[in-house]
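# next one to model:
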Amino acid sequence: MSYSRYLPRSTDIPPAKPTTEIAKISSLIGRWTNTNVNSQGISHFEIKQDSTSPTGLAIRVFAHTDDGLKNWGDTAISTVFEDDIHQLDDDAFMAEYQFDFLTVRLQGYTNLGLIIMTALNTFKDDSGRMNYFAREFYRRQD
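Prediction:
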């Protein structure tokens, strides 16, 4: 089964012009809380402007651990994506955390006012643990 989406030829409608101030118009900025109150993974995260990031955005994740809620700290959002080449509105993103024993790659996108985020967890140690992914839904918290 395949899916496709019609996109007009680039000559039909000119693409939006890139801007270095994309973070100022980003719909991603804010605090996002997991809709699953029983989740044992990422509880919430914050996306904010960051002039040191290549995209102008950074993420700070808070995750459940055996010792309670842990702040992973800030990391740059390395890439942002649009679902319409004629608008600049940051519809998806990627970021990565590097821990001593684990790499976590985050991929998130917006849909119906939520951010759907996948965490791809890759173990770097010799513990024998299986790599895994988790997908959760997050709502904006004002």
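# from R31, how far out is Q141?
According to Cβ to Cβ, to the nearest Å, Q141 and R31 sit 5 Å apart. All C-beta spots, glycine's among them, are computed from the backbone N, C-alpha and C.
# overlap in contacts, the two.
When contacts are counted by Cβ atoms under 8 Å, 6 or more residues apart in numbering, Q141 and R31 are jointly contacted by H44.
# between those two, which is the more surrounded one?
It is R31, of Q141 and R31, that has more neighbours when counted by other Cβ atoms under 10 Å, with 16 against 10.
# all strands of this protein, in order?
Listed in chain order, the strands of the chain (DSSP state E) span 30-34, 42-49, 57-65, 68-81, 92-98, 102-111, 114-123, 132-141.
# a markdown table for the ones you listed, including mean pLDDT?
Shown next, in a markdown table, are the strands of the chain (pLDDT from 0 to 100):
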| stretch | mean pLDDT |
| --- | --- |
| strand 30-34 | 97 |
| strand 42-49 | 97 |
| strand 57-65 | 96 |
| strand 68-81 | 95 |
| strand 92-98 | 96 |
| strand 102-111 | 96 |
| strand 114-123 | 97 |
| strand 132-141 | 97 |
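# need the contact list for the closest residue to Y132 other than its chain neighbours.
Nearest in space to Y132, with sequence neighbours left out and distances taken as Cβ to Cβ, 6 or more residues apart in numbering, is N121 at 5.3 Å. By Cβ under 8 Å, 6+ apart, the contact list for N121 reads 102-104, 131-134.
# look up how far V37 lies from the most centrally placed residue in the chain.
For the chain, G108 is the residue whose C-alpha lies nearest the centre (Cα atoms, centre = their mean; 3.6 Å). Distance, G108 to V37, using Cβ to Cβ: 19 Å.
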